[in-house]
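Q: pasted the sequence and its predicted model underneath.
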Amino acid sequence: MTELTDAESRLRDRARELAREAAAQAAAADRSEQYPWPMVARMQQAGFMGLTIPKEMGGPGLSYFDAVLVIEEFSKACAVCGRIAVEANMGAVGAIMAYGSAAQKKIAAELVLAGDKPAILITEPEAGSAATDMRTRAVRRGDSWVIDGDKTWITGGGVSRLHLIFARAVEDGEEKGIGGFIVARTGEGMPDGMTAERIPSMGLRGMPEANIAMRGLVVPDSMVLRPPGGWARGFGRLMDAYNGQRVGAATVALGLAAGAYDHALVRAQAREQFGRPIAEFQGLAWMLADMSIELEASRALVWRAARSAGPNGFPDRLAAAQAKVMAADMAIRVTNNALQVWGAAGYSRENPMERYVRDARMFAIAGGTAQVLRTQVAEQILGRKLPQTRGGFVRLAEKAERAAAE
Ligand SMILES: CC(C)(COP(=O)(O)OP(=O)(O)OC[C@H]1O[C@@H](n2cnc3c(N)ncnc32)[C@H](O)[C@@H]1OP(=O)(O)O)[C@@H](O)C(=O)NCCC(=O)NCCSC(=O)CCS(=O)O
Ligand SMILES: Cc1cc2nc3c(=O)[nH]c(=O)nc-3n(C[C@H](O)[C@H](O)[C@H](O)COP(=O)(O)OP(=O)(O)OC[C@H]3O[C@@H](n4cnc5c(N)ncnc54)[C@H](O)[C@@H]3O)c2cc1C
């Protein structure tokens, strides 16, 4: 494992220190299912919101790797806090800092540095893994765009101020491609034309997940996010930015699994049966050994992905997908085994182990499922498209034939 610099160690230690407070409120946030505003205020005061915002925009201009160190510490204690740190440093804010106009960057930087956790709106009821099948449309009307559509499972829906909406851009009656549209909530309620309805979820209950409906939502042209390459490449460039958040999601999975493992280590030494610590039973000792191996392997992939930022400034697509698949699958196994070490006590809702198990379940689904990301890894290592639609390979072959004939 790569050594940390002094500055990186200090940053991690600062996060570790504040994560004690995060741990103290994690069970209450889970039970109340309330967004942990007081903890977010503490994270904001300590400078953990907007770490990756460049200095010229008022942020500290730290790297994705720095953010990953912070996210892991919070996630060990409180996975909801870890997810807040992801979206306050990656995803929508990363895309806006990379592609945004000066005015867009200013709006985003001010909101996030003041404690906002932005929301990214990609998924739709009929377009989950097949995200490019999205139906939400933004139709140009003079200097504005009018958005209609439905998004689902939007993290922070109803609490986030900054929204990055993926939608099909339609200009002069013609569809141009998928683009990003920025909506910043200024007042208390949702913006006109946007409503949020909470979805009850299995884990990470302090974080609202929401269906977001947009009906005649007006976005000025000045709030269209225009990545290089034009509309036709819009989705791909926005996904370049999203690779950062994939690494963030992988880090939360890693962190919460590491938190569960720490609890399991303590319990295995303290609990006695048959007159000796349960850690002495090989069945458990090997379970703990496997957990430690999987955690170190996941951390190595997460760190490698976080440090892989290429010329576009975002983590590498292949490294991000590999890290996310590994950490998401690992977190399910490790949290379950950590609960097993605790026996019945781990099954009690008075113990954090059951929360770790519920919280871990998300990461093989959200941010690209474990299956879809394996296909992305395969595409990258094989250097070929693996279309998932029924006619996809036929269309690829036809395209190759046309190219050969020209
Ligand atoms: C990409 C998929 C939606 C599959 O759809 P398609 O088969 O239609 O798309 P492709 O032809 O593979 O890709 C279109 C276009 O985009 C580029 N692309 C795709 N993925 C990436 C990426 N990760 N990095 C960079 N570029 C990317 C691709 O090269 C094409 O570009 P060109 O047209 O060639 O220029 C599907 O595979 C997929 O990713 N599904 C998962 C959707 C997803 O991740 N949703 C996340 C929603 S947000 C969320 O869940 C938050 C949770 S969290 O806590 O973070
Ligand atoms: C807690 C949580 C938070 C989320 N936050 C956000 C957010 O902030 N913003 C946002 O836009 N979205 C968010 N999502 C949505 C998330 O990105 C989607 O759930 C995810 O992309 C999968 O889509 P789906 O749930 O519709 O599953 P589906 O795409 O319907 O998949 C169902 C099953 O089929 C499998 N499958 C589908 N296609 C293939 C294939 N080609 N090959 C193999 N298997 C396949 C999947 O792996 C899965 O097991 C969140 C989801 C959750 C659970």
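A: Good, I have the coordinates. Ligands and ions are numbered 1, 2, ... in the order given.
Q: secondary structure element holding Arg384?
A: Take DSSP states H and E as the rule and Arg384 turns out to sit in neither a helix nor a strand.
Q: and it, what pLDDT?
A: pLDDT, Arg384: 95.
Q: ligand 1 versus that one, what's the distance?
A: Distance check for Arg384 against ligand 1: by Cβ to the nearest ligand atom, to the nearest Å, it reads 11 Å. The way it works is simple: take the backbone N, C-alpha and C, and place the C-beta from them, glycine included.
Q: now that residue, what are its backbone angles?
A: Per-residue torsions, Arg384: phi -150, psi 150 (degrees, to the nearest 10).
Q: how far out from the middle of the chain is the longest helix seen in the chain?
A: If you go by DSSP state H, the chain has its longest helix at helix 234-270. Put simply, helix 234-270 sits 9 Å off its chain's centre (Cα atoms, centre = their mean, to the nearest Å).
Q: what's the answer for stretch 128-137, then?
A: With Cα atoms, centre = their mean, you get 18 Å for stretch 128-137.
Q: report whether it contacts ligand 1.
A: Yes: residues of stretch 128-137 contacting ligand 1 under Cβ under 6 Å from any ligand atom: Ser129, Ala130, Ala131, Thr132.
Q: are any of the residues you listed buried, and which?
A: Applying 16 or more other Cβ atoms under 10 Å to those, the neighbour count classes Ala131 as buried.
Q: close to ligand 2, is the helix or strand bottoming out on mean pLDDT in the chain?
A: The weakest-scoring helix or strand in the chain, judged by mean pLDDT, DSSP states H and E, is helix 392-405 (a mean of 93). No: applying Cβ under 6 Å from any ligand atom, one finds helix 392-405 out of contact with ligand 2, separated by at least 10.2 Å.
Q: what parts of the stretch 301-406 of the chain come near ligand 2?
A: Checking the stretch 301-406 of the chain against ligand 2 by Cβ under 6 Å from any ligand atom, the hits are Met362, Ile365, Ala366, Gly367, Gly368, Thr369, Gln371, Val372, Thr375, Gln388.
Q: from the residues you listed, which land in helices?
A: Per DSSP H, these map to helices at Gln371, Val372, Thr375.
Q: what about Met291, which SS state?
A: helix (DSSP: H, G, I helix; E, B strand; the rest coil).
Q: my guess is it meets Ala268, correct?
A: No: checked against Cβ atoms under 8 Å, the pair Met291 and Ala268 is beyond contact range at 10.5 Å.
Q: of the two, who's got more company?
A: Comparing Met291 with Ala268 by other Cβ atoms under 10 Å, the one with more neighbours is Met291, at 23 against 20.
Q: Ala285 in helix, strand or coil?
A: helix.
Q: let me know the pLDDT of it.
A: 98.
Q: ok, it to Arg141 distance?
A: 66 Å (Cβ to Cβ, to the nearest Å).
Q: over to Gln388?
A: Counting by Cβ to Cβ, the gap from Gln388 to Arg141 is 35 Å.
Q: enumerate every residue touching Gly236.
A: Going by Cβ atoms under 8 Å, 6 or more residues apart in numbering, Gly236 touches Gly229.
Q: wait, is Leu62 part of a helix?
A: No: under the criterion used here (three-state DSSP), Leu62 is coil, not part of a helix.
Q: residues in contact with it?
A: Contacts of Leu62 by Cβ under 8 Å, 6+ apart are Leu11, Leu51, Thr52.
Q: ditto for Val68
A: Val247, Gly248, Thr251, Val302, Trp303, Ala306.
Q: quick one: the second one and Leu69 touch, right?
A: Same thing as Gly248. No: the criterion here is Cβ under 8 Å, and Gly248 misses it with Leu69 at 11.8 Å.
Q: which bits of this protein sit near ligand 2?
A: Contacts of the chain with ligand 2, taken as Cβ under 6 Å from any ligand atom, map to 120-123, 128-129, 153-155, 201, 209, 362, 365-369, 371-372, 375, 388.
Q: swap the cut-off to 8 Å and go again
A: 87, 119-123, 125, 127-131, 151-157, 166, 201, 203-204, 207, 209, 362, 365-372, 374-375, 388 (Cβ under 8 Å from any ligand atom).
Q: one step back: buried subset of the ones in helices among the residues of the stretch 301-406 of the chain next to ligand 2?
A: Using 16+ other Cβ under 10 Å, the buried ones in those are Val372, Thr375.
Q: and the ones in helices among the residues of the stretch 301-406 of the chain next to ligand 2 as TSV, adding pLDDT?
A: Shown next, in TSV, are those (pLDDT from 0 to 100):
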residue	pLDDT
Gln371	98
Val372	98
Thr375	98
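Q: of the contacts of Leu62, which is the nearest to Ala344?
A: Of all those, Ala344 sits closest to Leu11, with 39.0 Å by Cβ to Cβ.
Q: from the contact counts, what lies against the one helix or strand that closest one maps to?
A: Applying DSSP H and E as the criterion places Leu11 in helix 6-32. Where contact means 3 or more Cβ pairs under 8 Å, 6 or more residues apart in numbering; DSSP states H and E, helix 6-32 is packed against helix 37-45, helix 64-77, helix 79-87, helix 352-360.
Q: of all the ones you listed, which lies closest to Arg20?
A: helix 64-77 (7.1 Å).
Q: is ligand 1 within reach of that closest one?
A: No: counting by Cβ under 8 Å from any ligand atom, ligand 1 is not contacted by helix 64-77; separation bottoms out at 10.9 Å.
Q: next, give phi and psi for the residue of the chain positioned farthest from its centre.
A: The centre of the chain is farthest from one residue, Gly275, which by Cα atoms, centre = their mean lies 44.9 Å away. Here is the backbone geometry of Gly275 (degrees, to the nearest 10): phi 80, psi 20.
Q: look up how far Phe281 lies from it.
A: On the measure of Cβ to Cβ, Gly275 and Phe281 end up 12 Å apart.
Q: before we move on, back to that, so of the helices and strands packed on helix 6-32, which one's packed in deepest?
A: helix 79-87 (a mean of 29; mean count of other Cβ atoms under 10 Å).
Q: can you list the helices and strands that that helix packs against?
A: helix 6-32, helix 37-45, helix 64-77, helix 234-270, helix 352-360.
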